[in-house]
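Participant: no letters, just coordinates:
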């Protein structure tokens with residue numbers, strides 16, 4: 001079975017949860033990166049992926065309604 005892109009470092013479930021939690025608290029990407037030992041571009045890519053997935057889920061919900 002092929003691993004999903006989100007199952008590889010640094011885009012792991014643990015990092016996704018940590019980034020989402022800190023972003024919701026209003027932390028900026030540099031502060032998040034420093035707190036979980038990633039680079040700022042890595043955090044930005046993961047955050048963008050999370051936002052894209054949420055947007056796609058909302059779009060699917062509207063299409064069904």
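Facilitator: Done, it's in. Please read these numbers as outputs of a predicted model, since none were measured by experiment.
Participant: let me see the contact set for residue 40.
Facilitator: 29, 30, 33 (C-beta atoms under 8 Å, 6 or more residues apart in numbering). (Each C-beta comes from the backbone N, C-alpha and C, glycine too.)
Participant: mind checking the pLDDT average for stretch 29-44?
Facilitator: Stretch 29-44 shows a mean pLDDT of 97.
Participant: about what we covered before: drop anything exposed from the contacts of residue 40.
Facilitator: Among the contacts of residue 40, those scoring as buried are 29, 33 (criterion: 16 or more other C-beta atoms under 10 Å).
Participant: and the contacts of residue 40 as TSV, adding distance to residue 54 and secondary structure?
Facilitator: What follows is the contacts of residue 40, written out as TSV (distance: C-beta to C-beta, whole Å; DSSP: H, G, I helix; E, B strand; the rest coil):
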residue	distance to residue 54	secondary structure
29	17	helix
30	22	helix
33	21	helix
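Participant: distance to residue 45 for the contacts of residue 40 - can I get that in JSON lines?
Facilitator: Listed next are those as JSON lines, based on distance: C-beta to C-beta, whole Å:
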{"residue": "29", "distance to residue 45": "10"}
{"residue": "30", "distance to residue 45": "14"}
{"residue": "33", "distance to residue 45": "11"}
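Participant: let me know the closest of the contacts of residue 40 to residue 39.
Facilitator: Of all the contacts of residue 40, the one with the least separation from residue 39 (C-beta to C-beta) is residue 33, at 5.9 Å.
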